[in-house]
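Participant: any chance you could fold what I've pasted below:
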Amino acid sequence: MPDHKARSLALLSLLLAYNFSLAAPSAQCKNLSDSQLAELQERMHSDKITEGDTKSLEETAKNKAQPITRRVRCYALLCQYYFAQGKEQLASNTIEEALKLDGKSPEALAQRAYIHSYTSDPKSAALALKYYDQAIAVNKDKSWLYLNRGSLKKTQRQFKEAIADFDQADALTMKETKQHHNLALALKTECLGQLKMYQECIKLGDSIRNAALPDLLRVELLEETGLAKLSINKEKEAMADFSQALKMLEVAAAHGERKPVSQAELGRIYYLRGVCHHKLKQKELANEDLNKALSLGFRVPGAPPPDRVVELDLSSEKLFQPLIAQARKTLPEAKGRFLKGLPKGYTFSITTKIYDQNKKFEQVFVLVKSWSGDRIDGILISEVRLPGYKHGQALTVYEKDVLDWTIVSPKGEEEGNLIGKFIDKNLPNQD
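Facilitator: The predicted structure follows:
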């Protein structure tokens with residue numbers, strides 16, 4: 001999945017997978033046993049499913065002699081597998097088969113909602129929330145359904161509504177599983193931070209900082225409490241949280257584990273720690289962290305990457321040709337995402353050249369406002385030296401003149417910008 005949504009929805013995936021493991025039926029069968037299904041679920045989470053495994057799931061799901069609960073669970077696992085393989089329609093058809101068997105199954109209803117959660121299309125997200133509503137309407141005592149729905153609302157920046165779901169999940173944890181208690185409180189902490197309720201965020205987050213949590217959620221928790229502390233001028237405490245989050249990621253990398261955040265998101269944590277150093281007048285440490293953040297692809301939201309004027313000679317420009325070709329190859333997909341509607345807070349810019357009367361040019365960023373056919377209308381967001389141009393002016397660019405594209409999330413995670421990243425890495429002395 002694209003980087004801009006992978007982090008938040010990875011947690012949703014984790015919750016869904018965990019909750020399927022809680023739902024293992026107790027009856028024995030001659031196709032796949034309870035223990036085999038539980039083992040399959042674990043291996044699916046580690047991407048170690050074989051063709052034989054999927055055939056066993058299919059046979060058990062279609063075997064009318066098997067208990068309905070087991071058949072539904074097999075369909076749900078198959079749906080999860082197909083979706084992970086990028087076979088969205090097959091995944092959708094599979095989960096509908098499960099719902100034909102049991103239209104009230106929380107696992108099947110949640111899986112159907114999950115499919116629609118993995119998209120930047122606001123309409124599809126609304127449909128996913130509708131499906132979670134249906135699941136909860138017939139399974140009001142399942143805390144994990146409230147956790148999943150709340151997590152989706154959080155990704156849609158519906159923080160107050162998400163908190164209500166996390167509170168309800170927490171209220172149900174004593175009846176179901178205490179493990180959901182920490183999850184609900186951690187997710188609520190993030191929402192409090194986003195609502196700028198900093199004192200409440202810090203108090204709740206610090207109370208569970210040593211609780212058992214998935215690594216991804218613990219990193220998010222430390223980042224959120226650190227940002228809250230930074231916002232109320234507690235730089236030293238904030239720096240401790242950011243350093244702990246970075247230490248966790250370093251340990252994971254040292255053990256060969258997959259990092260739970262993207263490179264740009266990792267850069268954001270370095271950036272925030274760098275801000276702490278800066279406020280504490282620790283200039284060298286601040287510059288070290290800020291440069292590390294830039295090298296990882298982090299951009300301050302609202303700032304045009306690479307945040308500086310770059311003068312190029314012919315030799316350096318030739319180096320860009322493979323990057324331009326790659327960017328143009330992926331431009332139609334990026335354009336489609338823009339026209340479909342990016343999530344709230346995301347920005348889309350294109351890289352192009354502007355010329356003066358003497359045919360001297362500068363490479364600039366244009367923030368895209370509208371796109372019709374091959375015509376792109378936007379705002380110049382680069383600082384320029386060429387006469388006749390200024391930051392903030394309206395510009396029209398045509399697709400044939402696009403050199404690169406960049407999508408930046410509200411947290412500074414960056415997609416694209418192949419040329420900018422190359423300049424940052426290989427032409428560091430440009431200013």
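
Participant: what about Leu222, how many neighbours?
Facilitator: Taking other C-beta atoms under 10 Å as the criterion, the count of residues near Leu222 is 23. C-beta here means a position set from N, CA and C on the backbone, and glycine is covered the same way.

Participant: got a list of what it touches?
Facilitator: 209, 241-242, 244-245, 248 (C-beta atoms under 8 Å, 6 or more residues apart in numbering).

Participant: repeat the analysis, applying 7 Å as the threshold.
Facilitator: Taking C-beta atoms under 7 Å, 6 or more residues apart in numbering, we find Leu222 in contact with 241, 244-245.

Participant: what strand or helix carries it?
Facilitator: Using DSSP states H and E, Leu222 sits in helix 215-231.

Participant: just to revisit the earlier point, in ChimeraX, how would I select just the buried ones from the contacts of Leu222?
Facilitator: Buried residues within these, by 16 or more other C-beta atoms under 10 Å, are selected in ChimeraX with:
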select :241,244,245
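
Participant: centre of the chain versus the helix holding Leu222, how much separation?
Facilitator: Helix 215-231 sits 16 Å away from the centroid of its parent chain (C-alpha atoms, centre = their mean, to the nearest Å).

Participant: likewise stretch 211-224?
Facilitator: That offset, for stretch 211-224, works out to 15 Å (C-alpha atoms, centre = their mean).

Participant: ok, and for it, which residues are buried?
Facilitator: For stretch 211-224, the neighbour count (16+ other C-beta under 10 Å) marks 213-224 as buried.

Participant: low pLDDT regions in the stretch 201-350 of the chain?
Facilitator: By pLDDT under 70, the weakly predicted segments of the stretch 201-350 of the chain are 253-261, 299-319.

Participant: quick one, strands of it?
Facilitator: Per DSSP state E, counting those that start in this stretch, the stretch 201-350 of the chain carries strands over the ranges 347-355.

Participant: where along it do the helices fall?
Facilitator: 215-231, 235-254, 263-279, 283-295, 314-319, 321-340 (DSSP state H, counting those that start in this stretch).

Participant: next: the stretch 51-200 of the chain.
Facilitator: Counting by DSSP H, counting those that start in this stretch, residue ranges of the helices within the stretch 51-200 of the chain are 51-62, 68-84, 88-101, 106-117, 122-138, 143-155, 159-172, 179-194, 198-207.

Participant: for Gly297, find the nearest of the ones you listed.
Facilitator: Among the helices of the stretch 51-200 of the chain, the nearest to Gly297 by C-beta to C-beta is helix 143-155 (21.0 Å).

Participant: and that closest one, average pLDDT?
Facilitator: In this model, helix 143-155 has a mean pLDDT of 90.

Participant: give me the angle between it and helix 106-117.
Facilitator: Angle between the axes of helix 143-155 and helix 106-117 is 10 degrees (criterion: axes from the mean of the first three to the mean of the last three C-alpha atoms, to 10 degrees).

Participant: run the chain-centre distance for helix 143-155.
Facilitator: So, by C-alpha atoms, centre = their mean, the centroid of helix 143-155 is 15 Å from its chain's centroid.

Participant: which other helices and strands contact that helix?
Facilitator: helix 3-22, helix 106-117, helix 122-138, helix 159-172, helix 179-194 (3 or more C-beta pairs under 7 Å, 6 or more residues apart in numbering; DSSP states H and E).

Participant: can I get the shortest one in PDB, CA atoms only?
Facilitator: Coordinates of the C-alpha atoms in helix 106-117 are reproduced here as PDB (Å, rounded to 0.1, in the frame of the first residue of the first chain):
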ATOM      1  CA  PRO A 106     -18.800  -9.700  13.500                       C
ATOM      2  CA  GLU A 107     -15.600 -11.100  11.800                       C
ATOM      3  CA  ALA A 108     -17.200 -11.000   8.300                       C
ATOM      4  CA  LEU A 109     -18.800  -7.600   8.800                       C
ATOM      5  CA  ALA A 110     -15.600  -6.200  10.100                       C
ATOM      6  CA  GLN A 111     -13.600  -7.700   7.300                       C
ATOM      7  CA  ARG A 112     -15.900  -6.100   4.700                       C
ATOM      8  CA  ALA A 113     -15.500  -2.800   6.500                       C
ATOM      9  CA  TYR A 114     -11.700  -3.300   6.600                       C
ATOM     10  CA  ILE A 115     -11.600  -3.700   2.800                       C
ATOM     11  CA  HIS A 116     -13.100  -0.300   2.300                       C
ATOM     12  CA  SER A 117     -10.900   1.200   5.000                       C
END
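
Participant: what's the spacing between the residue with the largest distance to the centre of the chain and Glu224?
Facilitator: Going by C-alpha atoms, centre = their mean, the residue of the chain most distant from its centre is Asn358, 44.8 Å out. Asn358 sits 51 Å away from Glu224, taking C-beta to C-beta, to the nearest Å as the criterion.

Participant: again, but for Ile163
Facilitator: 13 Å.

Participant: thinking Leu367 is in contact with Thr351, fair?
Facilitator: No - look at Leu367 against Thr351 with C-beta atoms under 7 Å: they stay out of range, at 11.4 Å.

Participant: so between the two, which is more surrounded?
Facilitator: Each of Leu367 and Thr351 has its neighbours counted (other C-beta under 10 Å); Thr351 has more, 27 against 18.
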